[in-house]
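In: Generate coordinates for the sequence data below:
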Amino acid sequence: MPLKASREGLTKNLLPVIRVQGEEGRWTMAERLAHYGVPGVSVAVIEGGELAWAAGFGVREQGGTVPVDADTMFMGA
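Out: Model (predicted):
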């Protein structure tokens, strides 16, 4: 059965890279972006070889106001 990644789960329940037993440690997307100094990110979720959903979070450039959306172009790495 494929994993159903939800937008709300991604937005409100990001786990830390290293989990410590007994610590809740979940972050929101806004908290994670701020922690790493990243102005914005675009996410696409593929399930069963098909695009399930895509969304943008944050803004396009540091200090900017133009939001990232599902169609914002980024350089891939």
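In: Which stretches in the chain count as helices?
Out: Secondary structure of the chain by DSSP state H: the helices cover 7-12, 29-36.
In: and the first one, how far from the chain's centre?
Out: Spelled out, that is helix 7-12. 8 Å (CA atoms, centre = their mean, to the nearest Å).
In: What are the buried residues along it?
Out: Neighbour-count burial for helix 7-12 flags Leu10 (criterion: 16 or more other CB atoms under 10 Å). In this view, the C-beta of every residue, glycine as well, is placed from N, C-alpha and C.
In: sorry, back to before: which stretch in the helices of the chain is the model least sure about?
Out: Lowest mean pLDDT within these: helix 7-12, at a mean of 71.
In: What are the contacting residues of it?
Out: Applying CB atoms under 8 Å, 6 or more residues apart in numbering, the contact partners of helix 7-12 are 26, 28-29, 43, 53, 55, 57.
In: same thing but 6 Å
Out: Under the criterion CB atoms under 6 Å, 6 or more residues apart in numbering, residues 28-29, 55 lie in contact with helix 7-12.
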